[in-house]
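Q: got a sequence here, can you model it:
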Amino acid sequence: MKLYPVKLLTITCEILAQQNIIDILSKHEITGYTTYEVNGNGSRGLRGQGFKNEKNAKIEIILREEKLQDVVEEVSRTLFANFAIILYVSDVGVLRTEKF
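A: Model (predicted):
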């Protein structure tokens with residue numbers, strides 16, 4: 001079994017930023033992602049316990065490194081100032097590279 005290296009981009013954000021991020025992914029022709037509704041505690045306090053617009057979302061995207069930089073730059077440039085967002089990248093291996 002051979003694993004092929006790709007990147008896992010994980011973005012945790014307030015739920016109000018989720019559609020903006022999905023729009024950025026679409027703009028960069030990235031159609032595969034997984035979203036979760038999550039809660040937790042951080043620099044802006046406990047999140048995810050109250051009203052719908054106070055919840056957090058987690059978006060996971062597996063993508064090739066060539067697309068990663070443009071997506072990360074656009075998310076940081078257009079959304080970091082207005083939304084609570086944590087973004088990190090991991091190295092992962094996949095079996096089916098044609099999916100990414």
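Q: make it CA atoms for all contacts and neighbour counts henceforth
A: Will do.
Q: so for the longest helix belonging to the chain, what gets flagged as buried?
A: Counting by DSSP state H, the longest helix found in the chain is helix 65-79. Buried residues in helix 65-79, counted by 16 or more other C-alpha atoms under 10 Å: 68, 71-72, 75, 79.
Q: give the rounded mean pLDDT of that helix.
A: In this model, helix 65-79 has an average pLDDT of 97.
Q: quickly run through the sheet partners of the next helix or strand after it, with directions.
A: Using DSSP states H and E, the helix or strand that follows helix 65-79 towards the C-terminus is strand 85-94. Applying DSSP bridges, strand 85-94 is found paired with strand 4-14 (antiparallel).
Q: report the angle between the axes of the longest helix of the chain and strand 85-94?
A: 170 degrees (axes from the mean of the first three to the mean of the last three C-alpha atoms, to 10 degrees).
Q: list the contacts of helix 65-79.
A: Outside of helix 65-79, the residues within contact range by C-alpha atoms under 8 Å, 6 or more residues apart in numbering are 6-7, 9, 17, 21, 24-25, 28, 85.
Q: mark which of these are buried, thanks.
A: The buried subset of those - by 16+ other C-alpha under 10 Å - is 6-7, 9, 17, 21, 24-25, 85.
Q: from Thr34, how far out is the residue positioned nearest the centre of the chain?
A: The centroid of the chain falls nearest to Ile11 when counting by C-alpha atoms, centre = their mean (3.1 Å). Noted for Ile11: a distance of 11 Å to Thr34, by C-alpha to C-alpha, to the nearest Å.
Q: what does Gln18 give?
A: Applying C-alpha to C-alpha, the value for Gln18 to Thr34 is 11 Å.
Q: give me the below-cutoff pLDDT ranges for this structure.
A: Within the chain, the segments meeting pLDDT under 70 span 42-53.
Q: one more pass at 90, please.
A: For the chain, applying pLDDT under 90 flags the ranges 1, 39-55, 97-100.
Q: what's opposite Val94 in the beta bridge?
A: Here Val94, judged by DSSP bridges, has bridge partners Tyr4.
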